Each structure stands twice: as structure tokens, then as C-alpha cells.
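K.L.:
can't give you the sequence, but here's the structure:
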């Protein structure tokens, strides 16, 4: 699997990508669906791609959330199980990668492995400046930050990624450089399968 290099030669899709175990992170999923619902009237061709193994009842839960926030179900893509190569393709061709964080002790005390892995895709990561994240990444330099628990602000940052694709390409590349400088690429490439196997 190759995360290295710029993503500039890839065709960028109209996708915002999140990876995880849906049932374990349903709070994150609901939050992103709220933001997508706010954005959808202005950008109906964009989708939220959720990469991760689904369980019995997951599809109905997503339908219920879409109904709750008045978001068309087709705006959400559940990939289910996909190969490492497919997952990396989704990440490297995403308009942006989403990593919701919360203003709580869990987020304050760690630098999420998911963010570190996503940075190697050289695509922009939209997340929050909480804890260790703020020590490594800077807003509109190596990441795009939104205010924690604010679906409207996440919607605005997603719109920023849509309208400023050259700038966000540069942000993604800078994020890659931060990851290459601060994290051991060989270690991350070696554990990607193990990491992603937690939710695919």
C-alpha cells in the first residue's frame, strides 16, 4: 500500500470521507450527517462516504438519521468492507477527510492515530484544534479546523474545501510534510492494515 507522494495527479471526487466503526462512533456519524444536511441544499452532488464494516441494523440507523435531519439517503455512502487499496483510493481522492473531535478529556489527551494516518494521504483533514492536534497542525496551513460540536462551522469548513481546492491541496501536502517530519512513515505504513482492520 502506498500513501506516499502528492495527491495532485489523482482525480478528486465530490466526497467527504470518514473511516470508523459506525456503531461505536455514532455520535460522530450523527454530527457529520447534521453538517451534510446543512450543506446539501447548496451542494447536492457531494456525498459523505463512510468506510467501515456495518452491522445488522446500521442501514436503518443511517436512514433514521437522514430522516431526522432531512438529508436525502443517497447523500450517504456506506462502503461496508473494502480492501486496503480501495480505502486508500477513497482517502487520496477525497475533497477532504473528516475527523470529528470533542472538547473532552479523551480528545485532549491524545493525537488520534486516524489523523496521523490520514495526513499521509496528502489530502486536507478537517478536524478540531484540541489537545495534541493543535501542537502539530495549524489552521489553513496543515489542516482545516472547525469549532468543536458546531455542525454549522463544520459545514462552512466543508464548503471552504469545495470552493478552494488549490488551497486545500496545498494544505493536504503540508499536512503530509508535517506527518513525514513528526511521525515514522515506516511505522505507520506497517500498521495501516492493522489499524484499518479495526473497522473494515
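P.N.:
That came through, no problem. Owing to the predicted nature of the structure, the values given are computational and were not obtained by experimental measurement. Numbering: from 1, shown residues only.
K.L.:
And the pLDDT at the residue of the chain most remote from its centre?
P.N.:
Computed with C-alpha atoms, centre = their mean, the residue of the chain farthest from its C-alpha average is residue 56, at 23.7 Å. Residue 56 is assigned a predicted lDDT (pLDDT) of 86.
K.L.:
ok but it is inside a helix, no?
P.N.:
No - if the criterion is DSSP: H, G, I helix; E, B strand; the rest coil, then residue 56 is coil and not within a helix.
K.L.:
For residue 79, see how far away it is.
P.N.:
17 Å (C-beta to C-beta, to the nearest Å). For the C-beta atoms, the positions are set from N, CA and C on the backbone; glycine is no exception.
K.L.:
Likewise for residue 156?
P.N.:
From residue 156 to residue 79 the distance is 26 Å (C-beta to C-beta).
K.L.:
same thing with residue 128?
P.N.:
24 Å.
K.L.:
if you count what's nearby, which of the two comes out ahead?
P.N.:
residue 128 (22 against 17; other C-beta atoms under 10 Å).
K.L.:
State whether residue 48 and residue 75 are indeed in contact, as I suppose.
P.N.:
Yes - applying C-beta atoms under 8 Å, one finds residue 48 in contact with residue 75, separated by 6.5 Å.
K.L.:
Show me what the helix ranked longest in the chain is packed up against.
P.N.:
In the chain, with assignment by DSSP state H, the single longest helix is helix 165-182. For helix 165-182, the packing partners by 3 or more C-beta pairs under 8 Å, 6 or more residues apart in numbering; DSSP states H and E come out as helix 113-119.
K.L.:
List the buried residues of the helix it packs on.
P.N.:
Going by neighbour count (16 or more other C-beta atoms under 10 Å), the buried part of helix 113-119 is 114-119.
K.L.:
Tell me which helix or strand comes right after it.
P.N.:
Sequence order places strand 125-127 as the next helix or strand after helix 113-119, per DSSP states H and E.
K.L.:
contacting residues around that following strand?
P.N.:
Residues outside strand 125-127 that contact it (C-beta atoms under 8 Å, 6 or more residues apart in numbering) are 16, 96-101, 112, 115, 118-119, 133, 137, 143-146, 154, 157-158, 161, 172, 175.
K.L.:
Just the residues you listed: which are in strands?
P.N.:
16, 96-98, 144-145 (DSSP state E).
K.L.:
Looking only at neighbour counts, state which of residue 48 and residue 75 leads.
P.N.:
More neighbours surround residue 48 than the other of residue 48 and residue 75, with 24 against 18 (other C-beta under 10 Å).
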